[in-house]
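Student: output the structure for:
(2 chains)
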Amino acid sequence: GAVVSQHPSWVICKSGTSVKIECRSLDFQATTMFWYRQFPKQSLMLMATSNEGSKATYEQGVEKDKFLINHASLTLSTLTVTSAHPEDSSFYICSARRVSYEQYFGPGTRLTVT
Amino acid sequence: QKEVEQNSGPLSVPEGAIASLNCTYSDRGSQSFFWYRQYSGKSPELIMFIYSNGDKEDGRFTAQLNKASQYVSLLIRDSQPSDSATYLCAVRGGNKLVFGAGTILRVKS
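Tutor: Numbers count the residues shown, from 1 in each chain, chains lettered A, B, ... in the order given. As a prediction, the model looks like this:
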């Protein structure tokens, strides 16, 4: 149990376009989902926390108008990178938390902006 | 500022040995503690969680928690080359996890 999926697993887009990443908890209901970003050889950086039906809470320094998060249901959250630029190229990982507090990660989405 | 500290390593152990990974945390009120394994280019995988003082065993893994010393550790028995990865310690602070920078483990065959 406790499977989290992400789609797509990798995406290449042109500078200035938008990209949407989906995160789903497949076998449990996740009241809270988290979005992280990880650059090569660096640790995870929390971008935002989202609760179902509420606005996301963004970490300091993360542009909420650039990284749009929608937590539409107890099993689905989406991250949209708007007007992507090469510096947005990174490994984006979502995570979902069960009621019992364990937090599980999706497989990640590797975004390359050309 | 809530902090989680780990030795970055690399920690090198021979195959079959016990690997001991350590983590300290600053928030004395922390209640839940997690160990994740992350292979290069992959996302973190939850391998252990512990909420109470003492030891918790799961297969070759043992998590140890000492809240008085604000210390949590992970022991890996009979280490295998496939255990080579970065191990992340995480402590729940409020609604979110605070991660350490991770310890690189290398198991040599």
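Student: near chain A, which residues of chain B?
Tutor: Counting by Cβ under 8 Å from any Cβ of the partner chain, the residues of chain B lying close to chain A are B:32, B:34, B:36, B:41-46, B:49, B:88, B:90, B:92, B:95-97, B:99-102. Placement of C-beta: from N, CA and C, glycine included.
Student: which single residue in chain B comes nearest to chain A?
Tutor: Of the residues in chain B, the one nearest chain A is residue B:43, at a distance of 4.2 Å by Cβ to the nearest Cβ.
Student: wait, doesn't that residue sit right on residue A:103?
Tutor: No. Here residue B:43 lies out of contact with residue A:103, judged by Cβ atoms under 8 Å, at a distance of 11.8 Å.
Student: show me what the helix or strand containing residue A:68 is packed against.
Tutor: With secondary structure defined by DSSP states H and E, residue A:68 is part of strand A:67-73. Judged by 3 or more Cβ pairs under 8 Å, 6 or more residues apart in numbering or on different chains; DSSP states H and E, the packing partners of strand A:67-73 are strand A:32-38, strand A:45-51, strand A:76-81.
Student: which residues are contacting it?
Tutor: A:33, A:35, A:47-48, A:50-54, A:56, A:58, A:77-82 (Cβ atoms under 8 Å, 6 or more residues apart in numbering or on different chains).
Student: doesn't residue B:12 belong to a helix?
Tutor: No. Counting by DSSP: H, G, I helix; E, B strand; the rest coil, residue B:12 is not part of a helix but strand.
Student: surely it and residue B:103 touch.
Tutor: No. Counting by Cβ under 8 Å, no contact exists between residue B:12 and residue B:103, whose distance comes to 11.4 Å.
Student: neighbour count: these two, which is higher?
Tutor: residue B:103 (21 against 13; other Cβ atoms under 10 Å in any protein chain shown).
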